[in-house]
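K.L.:
The following block contains a protein sequence and its predicted model.
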Amino acid sequence: MKTQKFKRGDVVHIAKDLGSSMSHFENDRDAIIMGSYRDQYGGEDNVDDWTVMFCDTGGECSWYHTSQLTFLRHGGEVEIEKVKLLRARRETSERDINWVLANWLNIRERTPGATMAKLMELVGITNPWGANGEGITYYSNAMATHRLLDPVLSTGEIGKLNELLEQMGRPPAL
């Protein structure tokens, strides 16, 4: 059985140049190893593709290749839990409708996932990923929600948001 270079909790740095096929991936930042493909799905061969959790946001992404990662230090479960706690605190703020209204003009072009989840919930979308967990379904739901709510969120006024929600037969945001 092949050996793995990293183990869960190792802190690594992601290379600046990931190649053209991964140019859309996050690069040149620190992350924590969550596991290899083998760790997560079994098999004996694939020990060179990794799921990582970004140290600054707690977001996760798969699959980085071993050659794209540089070992920095052992962090372990303590490091993972610390980043998850910071992410949970941030997401609590990002789901708060007062925070959304106060920050909308700054986040509307790149709306945090926790904020989008809250907005979709407000308009009645309870399963944004659909029955099969499809990214295109999430994207479609997020874009429709964004187009619907952007004009009222841009005002920064809770009354305008609640008025729209009432017209839709939805409960008020606050």
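P.N.:
Now that the structure is in, tell me what you want to look at.

K.L.:
Pull the residues that contact stretch 8-21.
P.N.:
Applying CB atoms under 8 Å, 6 or more residues apart in numbering, the contact partners of stretch 8-21 are 6, 25-35, 39, 52, 55, 64, 67-80. Any C-beta I mention is one placed from the backbone N, CA and C, and that applies to glycine too.

K.L.:
Tell me which stretches of the protein form helices.
P.N.:
Assigned by DSSP state H, the chain shows helices spanning 37-41, 76-95, 97-107, 113-122, 135-153, 158-167.

K.L.:
Pick the most buried one from these.
P.N.:
Of all these, helix 113-122 carries the top mean neighbour count, a mean of 20, counting by mean count of other CB atoms under 10 Å.

K.L.:
Identify the residue nearest the geometric centre of the protein.
P.N.:
Gly59 (4.7 Å; CA atoms, centre = their mean).

K.L.:
What residues are recorded as beta-bridge partners of the nearest residue to it once chain neighbours are set aside?
P.N.:
Leaving out its chain neighbours, the residue that sits closest to Gly59 by CB to CB, 6 or more residues apart in numbering is Met53, at 7.1 Å. Counting by DSSP bridges, Met53 is bridged to Ile32, Glu60.

K.L.:
In contact with the residue of the chain positioned farthest from its centre: list those residues for me.
P.N.:
The centre of the chain is farthest from one residue, Met1, which by CA atoms, centre = their mean lies 33.2 Å away. By CB under 8 Å, 6+ apart, the contact list for Met1 reads Glu44.

K.L.:
again, but for the one 5 residues further on
P.N.:
The contact partners of Phe6, by CB under 8 Å, 6+ apart, come to 12, 33, 36, 50, 66, 69, 71.

K.L.:
Export only the CA atoms of the worst-scoring helix or strand of the chain on mean pLDDT, formatted as CSV.
P.N.:
Every helix and strand of the chain was ranked by mean pLDDT, DSSP states H and E. The lowest is helix 37-41, at a mean of 92. Provided in CSV are the C-alpha atoms of helix 37-41 (Å, rounded to 0.1, in the frame of the first residue of the first chain):
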residue,chain,number,x,y,z
TYR,A,37,-9.1,10.6,-1.5
ARG,A,38,-8.2,7.3,0.0
ASP,A,39,-8.9,8.6,3.5
GLN,A,40,-12.4,9.7,2.5
TYR,A,41,-13.4,7.1,-0.1
